[in-house]
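K.L.:
Next one to model:
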Amino acid sequence: MSLIGQSVTVLGAGVAGLAVARALALRGAQVTVLEQADAVREVGAGLQISPNGAAVLRALGLGAALEAVSTRAAAVELRDGPTGDLVTRLDVAGAGYHFAHRADLIALLLEGAREAGVELRLLQKIEAVDLTGARPGWRNAQGGTGETGLLIGADGLHSQVRRALTGKVAPFFTHQVAWRALIPESPGVPNVAEVHMAPGQHLVSYPLRGGRLRNIVAVEERRTWVEEGWSLRDDSMDMKLAFQGFSPRVRGWLEQVQDVWLWGLFRHPVAREWFRVTEQGAAVILGDAAHPTLPFLAQGACMALEDAWVLADALATHDSLAAGLAAYQAARASRCTRIVEAANTNARLYHLSGLARGVAHLGLRLGSVVAPQAALRRFDWLYKHDVTAR
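P.N.:
Predicted structure coming up:
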């Protein structure tokens, strides 16, 4: 179907929302993005963009912008947390893996959306979505209402569009919490992502912004519940005490931490229904609204980018909204489910203890000698998949 002049409203100016806004606007749609914040500002910390996500940014005409704001990864190292000893190294130099600050990715997507003619409206906190009328509608916190031909829910974990589609589903607390922090770093450090593993704990770190910053995400198993979300501040001493048994290298990083955020990690089911067609329109979800994932494969942003491309392409190459949206869900649901399940598995493998830990680490060490790239090739289905290729 032709997207020229199609009225589209996107809820959420995150990675998924801005990427799909540009993808649709480049195909002629009239796109408005509604964002609840009063500004699109520098929030969040680091993220990894693997080749499958970078392929979408290039296809959207944002490849040069990505190169300008990111750091090309050279390797991923798995290390023993208490000793710091290397368990295995996965060389990814030249493969197209990037480290980036989330704010920098958002900024380039926002510029790309505006360049394509997308309108951004701030202070639009959506409190309810209505899919019972002829066209999808919504109500904001100020009591204002609106409707559109195509409503896209890129509104994250607590998506109002998903709730309208599938009802409210209670998430499952994984009994894991994560701290995230940024510390200063010296330019010239190796462009390596390090995963330091210990029983019931692990810490991931890599450089950002040309080595001027270091990103830290530290995960610990605990029984007590912690609020889901990214904005809960914590005392940095709590993180330092939790990881005091780690190597001097890790403790040295943590000693520099001043501001730290803590969030509980929850599992959400992949949505069973991703879209609904109304009499004169449709609603659809993507990104975290459709398939929230734990952060143990670094695929949240990449899945959102893939969704954005596939959704826009499916709509542009099918005869109707219904056919395009059905093709989009068919193309994405099984892949996203597989990624979510793989991230769940990584969460367990990082935290092994006792004999299982010893056997797993020995296997990784032997594998790095006998078949050094075998561990990475296991994920070719993920990282080498290019949704923009025809």
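
K.L.:
How much space separates the residue most central in space within the chain from residue 240?
P.N.:
Residue closest to the mean C-alpha point of the chain, counted by C-alpha atoms, centre = their mean, is residue 300 at 2.0 Å. Separation of residue 300 from residue 240 (C-beta to C-beta, to the nearest Å): 26 Å. Backbone N, C-alpha and C define where each C-beta goes, glycine included.

K.L.:
With residue 320 instead?
P.N.:
To residue 240, residue 320 is 57 Å away according to C-beta to C-beta.

K.L.:
the more surrounded of the two?
P.N.:
More neighbours surround residue 240 than the other of residue 320 and residue 240, with 18 against 12 (other C-beta atoms under 10 Å).

K.L.:
Ignoring the adjacent residues along the chain, who's closest to the more buried one?
P.N.:
Distances taken as C-beta to C-beta, 6 or more residues apart in numbering put residue 254 closest to residue 240, at 4.8 Å, once the chain neighbours are dropped.

K.L.:
If you count neighbours, what's buried in the helix or strand encompassing the one you found?
P.N.:
With secondary structure defined by DSSP states H and E, residue 254 is part of helix 248-255. By neighbour count on 16 or more other C-beta atoms under 10 Å, the buried set for helix 248-255 is 250, 253-254.

K.L.:
so what strands line up beside the helix or strand following that helix?
P.N.:
Downstream of helix 248-255, the next assigned helix or strand under DSSP H and E is strand 260-267. Using DSSP bridges, the strands paired with strand 260-267 in its sheet are strand 172-184 (antiparallel), strand 232-234 (antiparallel).

K.L.:
Contacts made by the helix or strand just after the shortest one with the rest, please.
P.N.:
Looking back up the chat, that one is strand 232-234. For strand 232-234, the following helix or strand on the C-terminal side (DSSP H and E) is helix 236-242. The contact list for helix 236-242, computed with C-beta atoms under 8 Å, 6 or more residues apart in numbering, reads 179, 181, 201, 218, 220, 251, 254-255, 257-260, 262.

K.L.:
now with 6 Å?
P.N.:
Identification of contacts with helix 236-242 by C-beta atoms under 6 Å, 6 or more residues apart in numbering yields 179, 218, 220, 254, 257, 260.

K.L.:
burial count for residue 143?
P.N.:
By other C-beta under 10 Å, 7 other residues sit near residue 143.

K.L.:
if I look at it, how far off is residue 125?
P.N.:
11 Å.

K.L.:
Then residue 311?
P.N.:
Note on residue 311: its distance to residue 125, by C-beta to C-beta, is 24 Å.

K.L.:
before we move on, what about residue 54?
P.N.:
To residue 125, residue 54 is 32 Å away according to C-beta to C-beta.

K.L.:
More neighbours: which of the two?
P.N.:
residue 54 (24 against 13).

K.L.:
Just the helices from the stretch 201-350 of the chain, written as ranges.
P.N.:
236-242, 248-255, 300-317, 321-350 (DSSP state H, counting those that start in this stretch).

K.L.:
so where is the stretch 101-250 of the chain shaky, pLDDT-wise?
P.N.:
225-231 (pLDDT under 70).

K.L.:
please redo it, this time with the cut-off set to 90
P.N.:
Within the stretch 101-250 of the chain, the stretches with pLDDT under 90 are 142, 157-158, 168-176, 186-188, 222-236.

K.L.:
Do a quick rundown of the strands in it.
P.N.:
In the stretch 101-250 of the chain, the strands defined using DSSP state E, counting those that start in this stretch lie at 119-121, 126-130, 137-140, 145-147, 150-153, 172-184, 192-198, 201-208, 213-221, 232-234.

K.L.:
how about TSV for those strands, with distance to residue 274 and mean neighbour count added?
P.N.:
What follows is the strands of the stretch 101-250 of the chain, written out as TSV (distance: least, C-beta to C-beta, whole Å; neighbours: other C-beta atoms under 10 Å):
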stretch	distance to residue 274	mean neighbour count
strand 119-121	24	15
strand 126-130	14	17
strand 137-140	18	20
strand 145-147	20	15
strand 150-153	9	30
strand 172-184	21	19
strand 192-198	31	22
strand 201-208	30	24
strand 213-221	29	22
strand 232-234	29	13
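
K.L.:
Let's have those strands in TSV, adding distance to residue 270.
P.N.:
Putting these into TSV (distance: least, C-beta to C-beta, whole Å) gives the following:
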stretch	distance to residue 270
strand 119-121	29
strand 126-130	20
strand 137-140	24
strand 145-147	28
strand 150-153	14
strand 172-184	13
strand 192-198	25
strand 201-208	24
strand 213-221	22
strand 232-234	25
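
K.L.:
and of these, who's closest to residue 163?
P.N.:
Comparing the strands of the stretch 101-250 of the chain by their distance to residue 163 (C-beta to C-beta), the top pick is strand 126-130, with 7.2 Å.

K.L.:
Kindly point out the strands partnered with the closest one and how each is oriented relative to it.
P.N.:
strand 137-140 (antiparallel).

K.L.:
Which residue, other than its chain neighbours, is closest to the residue nearest to the centre of the chain?
P.N.:
Counting by C-beta to C-beta, 6+ apart, residue 300 lies nearest to residue 293, which is 5.7 Å off, once chain neighbours are set aside.

K.L.:
With residue 277 instead?
P.N.:
Excluding the flanking residues, the one nearest residue 277 by C-beta to C-beta, 6+ apart is residue 322, at 4.7 Å.

K.L.:
The stretch 51-200 of the chain: helices as residue ranges?
P.N.:
Along the stretch 51-200 of the chain, counting by DSSP H, counting those that start in this stretch, helices occupy 51-59, 63-69, 102-115, 160-166.
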